[in-house]
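Peer 1: coords below, sequence missing:
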């Protein structure tokens, strides 16, 4: 099975964990655009028992990149991650669908570990 099929088969999953947290996976094909050059729109999120997103990787909206040099315009990147409930997003480097899923589950592990301390 190729990576895209693997990710698309996970679309719609909502999994409740024993610790009260839960995660959901949304992924579907879209037309290729400069914002979604992979042809996929995805939203993979981990929520706490109060339904707050505490970790996520998505390309549902653009996040503003920090300015570099003298350039004054705004640059947005759509592939990004949220590392906490208040994080507005930081760039995420999309490599392929398998890596996206791997990064998501590794992020879940790190997030759960950090809130259990």
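Peer 2: That came through, no problem. These numbers come from a predicted model, not from an experiment.
Peer 1: list the buried ones in the longest helix along the chain?
Peer 2: Looking across the chain with DSSP state H, the single longest helix is helix 97-115. Of all the residues in helix 97-115, those buried under the rule 16 or more other CB atoms under 10 Å are 97, 100-101, 103-104, 107-108, 111-112. Bear in mind the C-beta positions are built from the backbone N, C-alpha and C, glycine included.
Peer 1: Kindly reformat these as JSON lines containing distance to residue 77 and pLDDT.
Peer 2: Formatted as JSON lines, the buried residues of helix 97-115 follow (distance: CB to CB, whole Å; pLDDT from 0 to 100):
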{"residue": "97", "distance to residue 77": "18", "pLDDT": "96"}
{"residue": "100", "distance to residue 77": "15", "pLDDT": "97"}
{"residue": "101", "distance to residue 77": "20", "pLDDT": "97"}
{"residue": "103", "distance to residue 77": "16", "pLDDT": "98"}
{"residue": "104", "distance to residue 77": "18", "pLDDT": "98"}
{"residue": "107", "distance to residue 77": "18", "pLDDT": "97"}
{"residue": "108", "distance to residue 77": "22", "pLDDT": "98"}
{"residue": "111", "distance to residue 77": "21", "pLDDT": "97"}
{"residue": "112", "distance to residue 77": "26", "pLDDT": "95"}
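Peer 1: Just flag the most distant two among those residues.
Peer 2: Between any two of the buried residues of helix 97-115, the greatest separation by CB to CB is 23.0 Å, found for 97 and 112.
Peer 1: Tell me who's in contact with residue 115.
Peer 2: Residue 115 makes contact with 48, 54 under the criterion CB atoms under 8 Å, 6 or more residues apart in numbering.
Peer 1: Tell me where this protein is predicted with low confidence.
Peer 2: Applying pLDDT under 70 to the chain flags the ranges 1, 65-76.
Peer 1: Quickly list what the most centrally placed residue in it is bridged to.
Peer 2: By CA atoms, centre = their mean, the chain has its centre lying nearest to residue 57, at 0.9 Å. Per DSSP bridges, the residues bridged to residue 57 are residue 44, residue 81.
Peer 1: Okay then, goodbye and thanks.
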